[in-house]
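Asks: predicted model follows, preceded by the sequence.
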Amino acid sequence: MVEPAKIPNHMHDLVAKVLAFSSSQLARHAVFYPFAAVCEKGKFDCVMTDHAPSVTDASDMIEILQWRLIDIAYAKPLQTALAYSAILAEKNQIPCDAVAIELSDEKDSNYFLVFPYTVTNGEVIFAEPLTETSN
């Protein structure tokens, strides 16, 4: 697994769980739907969206998950992650698939990681992440 160097050590386990789930979905289905994960005292839970007629695309699912994480984390300090599919496209470059992960920790520090990946023979290979921090 790629270790994102710019996030605190206590967040690495959550990132590893998110990447493992993303990888399993990508290897099986070649896509994954947005999902969220929470970690409280070393216990991990996954948060998904319900399928409803009002949910028309991934951006709707991301917004629903963001509000769920706010509701969940409001009551108690948690580590949270929101993961979704992204495409990196730079000028004059071939677009690259990626997993985007928005992280928050118990101290309200926020991190944004983007893991470019390739799928070769059913195996997902993540590149070093691009990171951004806002505290």
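Replies: Cool, got the structure. Residues are numbered from 1 along each chain as shown.

Asks: what's around the residue lying closest to Ile7 once chain neighbours are set aside, how many residues?
Replies: Once flanking residues are discounted, Ile7 sits nearest to Tyr111: 5.0 Å by CB to CB, 6 or more residues apart in numbering. Placement of C-beta: from N, CA and C, glycine included. Neighbour count of Tyr111, defined by other CB atoms under 10 Å: 22.

Asks: please apply the same query to Ala36.
Replies: Neighbour count of Ala36, defined by other CB under 10 Å: 24.

Asks: for it, which residues make a bridge with it?
Replies: Counting by DSSP bridges, Ala36 forms beta bridges with Val47, Leu82.

Asks: touching, it and Arg68? I think so.
Replies: Yes. At 6.5 Å, Ala36 counts as touching Arg68 under the criterion of CB atoms under 8 Å.

Asks: give me the common contacts of the two.
Replies: Common neighbours of Ala36 and Arg68 (criterion: CB atoms under 8 Å, 6 or more residues apart in numbering): Val47.
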